[in-house]
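> pasted the sequence and its predicted model underneath.
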Amino acid sequence: MKVKIINKSSFSLPEYKTEGSAGMDLYANIEKPKILRPLERALIPTGIFLSIPFGCEGQVRPRSGLALKHGITLANAIGTIDSDYRGEIKVILINLSNEDFVIDKGDRIAQLIFVKYEKADFVEVNSLDNTERGQGGFGHTGY
Ligand SMILES: O=c1ccn([C@H]2C[C@H](O)[C@@H](COP(=O)(O)OP(=O)(O)OP(=O)(O)O)O2)c(=O)[nH]1
Ligand SMILES: [Mg+2]
């Protein structure tokens, strides 16, 4: 995959930390430390620009360690990186703890996973096929 990196002095090619890692870490590409107050959110640049192959998307996901220890997660749950997006990958962090959290330049703030997806061709119909579940949902099968 083609990748363009800005701020090369402190950034190398994205890498998987272990052989079996699904995600590659995204680093904060910021000049000075950013303090995230309780419930504050911020758009953090990563210095990474990608040309993702058609038929794949990038998913920006939280790091579980940051979420567990500091309540740091993503305001958009999972960020979607479209294959035709050529801008800088950015991360929408939110601090769900009741303490300030400091993001330093080069911190690993999230991870990126590549996923193949299907595109739908829609055909309009008046009724859908029957299933056992039907319209039941939202706890329909019990808790
Ligand atoms: O966490 C994210 C989410 C999105 N993006 C970039 C890549 C993505 O391809 C583009 C658009 O994202 P999305 O479709 O989620 O946002 P939108 O609000 O629908 O904006 P748009 O109208 O540009 O599609 O923004 C990121 O860098 N990080
Ligand atoms: Mg969109």
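That came through, no problem. Ligands and ions are numbered 1, 2, ... in the order given.

> ramachandran coordinates for the residue in the chain that ligand 1 sits nearest to?
The minimum distance from the chain to ligand 1, using C-beta to the nearest ligand atom, falls at Gly79 (2.1 Å). All C-beta atoms are positioned from the backbone trio N, CA, C, and that covers glycine. Main-chain torsions, Gly79, degrees, to the nearest 10: phi -80, psi 140.

> any idea what the nearest residue to it once chain neighbours are set aside is bridged to?
Leaving aside its sequence neighbours, Gly79 sits nearest to Val60 (C-beta to C-beta, 6 or more residues apart in numbering; 3.3 Å). Taking DSSP bridges as the rule, Val60 bridges to Gly79, Leu112.

> Provide the count of other residues in contact range of Val60.
23 (other C-beta atoms under 10 Å).

> spell out which parts of the protein neighbour ligand 1.
60, 76, 79-82, 85, 89-92 (C-beta under 6 Å from any ligand atom).

> between those residues, identify the one with the most neighbours.
Counting neighbours by other C-beta under 10 Å, Val91 leads the residues of the chain next to ligand 1 with 25 neighbours.
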